[in-house]
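Visitor: Turn this into a model:
(one chain, ligands or ions: 1)
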Amino acid sequence: MSSYVTRKTPGNTAWFTHDRFGMFIHWGLYAMPARHEWVKSNECMTEAQYARYFKYFDPDLYEPRTWAAMARAAGMKYAVMTAKHHDGFCMFDSAYTDYKCTNTPARRDLLREYVEAFRAEGLKVGFYYSLLDWHHPDFTIDMFHPRRKDPQACMRNEGRDMKRYSAYMRDQVRELLTNYGTIDILWFDFSYSENRSGEPWMKGKGKQDWESERLIALARELQPEIIIDNRAEIDQDLWTPEQYQPKSWVKHPDTGELVTWEACQTFSGSWGYYRDEMSWKSPEMLIRMLIETVSLGGNLLMNVGPTARGCFDRRACEALEVYGQWMAYNSRSIYGCTMAEPEFKAPADCRFTQSQDGKRLYVHLFSYPYGYLELPGLAGKVDYAQFLEDGSELTFTEGRVEHFSLGATRQKDLLVISLPAVKPRSLVPVIELFLK
Ligand code: GLC
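Guide: As a prediction, the model looks like this:
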């Protein structure tokens, strides 16, 4: 059994730390301008300017069963979709606002269709819910708000009442966790109370403003097992490094305990569909990110930003296929795996994962060595070795490299695996070691 113990949390993370790989979906009105999900804030748009997207939002090609099938083919086991993003637009039929997809030409509850389709495909289902809201009349103008540069910005806050806004959030969270069956993850986003620069009215917002305690208590009451992230500024189940790959297992900042963590990453930099973005990650980087995450005991939530028509962009499809091709033969080193025990130290250009029952060790080859792979510390510990992708045997020796050349390594604790000259097909080949 894995010896790593993580900080206890209120939700059920057992399935989550087994499944390891999920799909983030950022979809909303911002898919239409197609130049960042923050476009309303970035360009300080007025309500009138942003209203054109509401008026013409018509995702006529939306077919969430296709999305779900693609997620599953990529090896993803769960998904988290934006129920509401910072622009305040609701992708579900809420009784507490008119600013929702049912009032656009889309005319239907898009979130419900997502839930049904992903569930039918056997995937776990989560909601992202923005704590920021740049549409709600009670949400006070702050340094991220699109109205922040108005000459009268601070005056415009008169009459805005964050208490009413936080009650609105509770109403909506109640809807989301009542009307859609079991929801596995609730992903609040985000708090920025440490930000106190500029005029006092510009200051950031956090748990006081959101009334996070009440919000979370409500969510737990409705769905006790649900996994909740920490971005409402109260520790819950999940630590969420964003567009950053940690270099060691994420620890609790105060207690130093290991925590349950999930890196969220994008294919190209922004979360919403961004037509002209050129920074798409390479296939190698995509696969490495997943491996590195699991090799440090984490999960990866990889984002897709669907288009305004409701499909995945061609480049996103290709990226998902990269995962699909690799996972089809190598997922055994991901599901049910975690960081290898401290006694196992991966050599340069390798990453280890280990099955949570401790019985199998996986060696991921980030660069393919010629002839032999030398693994210090593993002599006497391995019973059988094979390539994961085709289950073909790999022979090994212990203590020395069996080669006539002068200078072939000798070292007592060494396990030496003989490798074929031709690298296997997998972008990152994996060696499966059955431990004694
Ligand atoms: C950030 C961004 C947001 C995105 C989120 C995903 O907080 O504000 O656009 O949804 O990260 O982690």
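Visitor: In terms of secondary structure, what does the longest strand along the chain contact?
Guide: When the chain is parsed with DSSP state E, its longest strand is strand 410-418. The contact analysis (3 or more Cβ pairs under 8 Å, 6 or more residues apart in numbering; DSSP states H and E) places strand 410-418 against strand 372-376, strand 396-400. Where C-beta positions appear, they are placed from N, C-alpha and C, glycine not excepted.
Visitor: Spatially, what comes nearest to the residue in the stretch 51-200 of the chain that the ligand sits nearest to if we skip its sequence neighbours?
Guide: Of all residues in the stretch 51-200 of the chain, the one sitting closest to the ligand is residue 190 (4.4 Å; Cβ to the nearest ligand atom). Distances taken as Cβ to Cβ, 6 or more residues apart in numbering put residue 231 closest to residue 190, at 4.4 Å, once the chain neighbours are dropped.
Visitor: For that neighbour, grab the count of nearby residues.
Guide: 24 (other Cβ atoms under 10 Å).
Visitor: Spell out the secondary structure type for it.
Guide: State at residue 231, reduced to three classes by DSSP: H, G, I helix; E, B strand; the rest coil: coil.
Visitor: any idea of the mean pLDDT for the longest strand of the chain?
Guide: The pLDDT scores in strand 410-418 average 95.
Visitor: repeat for stretch 348-367
Guide: Mean per-residue pLDDT for stretch 348-367: 98.
Visitor: Residues in contact with it: which ones?
Guide: Applying Cβ atoms under 8 Å, 6 or more residues apart in numbering, the contact partners of stretch 348-367 are 1-2, 17-18, 288, 291-292, 294-295, 332-334, 336-341, 344, 346, 369, 373, 375, 382, 388, 428-435.
Visitor: taking those one by one, which sit in helices?
Guide: Judged by DSSP state H, helices contain the following of those: 17, 18, 288, 291, 292, 294, 295.
Visitor: Of those, select the buried ones using a ChimeraX command.
Guide: Here is the ChimeraX command that picks out the buried ones among these, judged by 16 or more other Cβ atoms under 10 Å:
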select :17,288,291,292,294,295
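Visitor: Redo the ones in helices among the contacts of stretch 348-367 as JSON lines? Include pLDDT and distance to residue 319.
Guide: JSON lines is the format used below for the ones in helices among the contacts of stretch 348-367 (pLDDT from 0 to 100; distance: Cβ to Cβ, whole Å):
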{"residue": "17", "pLDDT": "98", "distance to residue 319": "24"}
{"residue": "18", "pLDDT": "98", "distance to residue 319": "24"}
{"residue": "288", "pLDDT": "98", "distance to residue 319": "13"}
{"residue": "291", "pLDDT": "98", "distance to residue 319": "16"}
{"residue": "292", "pLDDT": "98", "distance to residue 319": "17"}
{"residue": "294", "pLDDT": "98", "distance to residue 319": "18"}
{"residue": "295", "pLDDT": "98", "distance to residue 319": "21"}
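Visitor: CSV for the helices and strands packed on strand 410-418, including distance to the ligand and mean pLDDT?
Guide: CSV is the format used below for these (distance: least, Cβ to the nearest ligand atom, whole Å; pLDDT from 0 to 100):
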stretch, distance to the ligand, mean pLDDT
strand 372-376, 37, 97
strand 396-400, 43, 96
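Visitor: Please identify the most buried of those strands.
Guide: Across the helices and strands packed on strand 410-418, averaging neighbours per residue (mean count of other Cβ atoms under 10 Å) puts strand 372-376 on top, at a mean of 19.
Visitor: what comes into contact with that strand?
Guide: Outside strand 372-376, the residues that reach it (Cβ under 8 Å, 6+ apart) are 345, 347, 350, 363, 365, 401, 403, 409, 411, 413-419, 431.
Visitor: Thank you, goodbye.
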